[in-house]
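Colleague: below is the structure, and that's it, no one-letter string:
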Ligand code: HEC
């Protein structure tokens, strides 16, 4: 296989990813507890993710802030919120929040931001 074939395969793979994830398909959030997620958001995440906050965090309700992030897939968002991502602290700085609670909070923010 030549190098350019490998590059072509990569391109096709990337394009397929963009088409399958980027067509405005909303992720299925039915397995999450959005009520609980809202409480966790209000207790913790709001400090940085509320509209008007000066942080670099994507603001809740702002589709422009979230569209690209949602396209990365929920698993990536969960991973980044659990383990941290640039200025996003692991678990929003609350190490006692469980994985489930974090996922509910992410799902809640996403559900308000598309
Ligand atoms: C101290 C401020 C702060 C708090 C508190 C905080 N975040 Fe964030 N968060 C950020 C910043 C800043 C970013 C943007 C990071 C970047 O894209 O460089 C971010 C990004 C994210 C992202 C997007 C990650 C991605 O891959 O694009 C998710 C999801 C997220 N936060 C979830 C949460 C949840 C859930 C909570 C509450 C439990 C929370 N955050 C609390 C600052 C915060």
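Modeller: Perfect, I can see it now. The model shown is predicted, which means the values in this text are computed figures rather than measured ones.

Colleague: what comes up buried for the stretch of helix or strand residue 77 belongs to?
Modeller: Following DSSP states H and E, one finds residue 77 within helix 74-83. Under the neighbour-count criterion of 16 or more other CB atoms under 10 Å, helix 74-83 has 74, 77, 80, 81, 82 buried. Any C-beta I mention is one placed from the backbone N, CA and C, and that applies to glycine too.

Colleague: what do you get for stretch 47-54?
Modeller: Neighbour-count burial for stretch 47-54 [16+ other CB under 10 Å]: 48, 49.

Colleague: and what of stretch 92-112?
Modeller: Neighbour-count burial for stretch 92-112, counted by 16+ other CB under 10 Å, picks out 92, 97, 101-112.

Colleague: filter the residues you listed down to the ones near the ligand?
Modeller: Contacts with the ligand within these, counted by CB under 6 Å from any ligand atom: 92, 97, 102, 105, 106.

Colleague: which of these sit farthest apart?
Modeller: Farthest pair in these (CB to CB) is 97 and 106. Separation: 11.1 Å.

Colleague: which non-adjacent residue is nearest the residue nearest the centre of the chain?
Modeller: For the chain, residue 77 is the residue whose C-alpha lies nearest the centre (CA atoms, centre = their mean; 3.3 Å). Spatial nearest neighbour of residue 77, excluding adjacent residues (CB to CB, 6 or more residues apart in numbering): residue 106 at 5.3 Å.

Colleague: pretty sure the one you found is in a strand, no?
Modeller: No - under DSSP: H, G, I helix; E, B strand; the rest coil, residue 106 falls outside any strand and is assigned helix.
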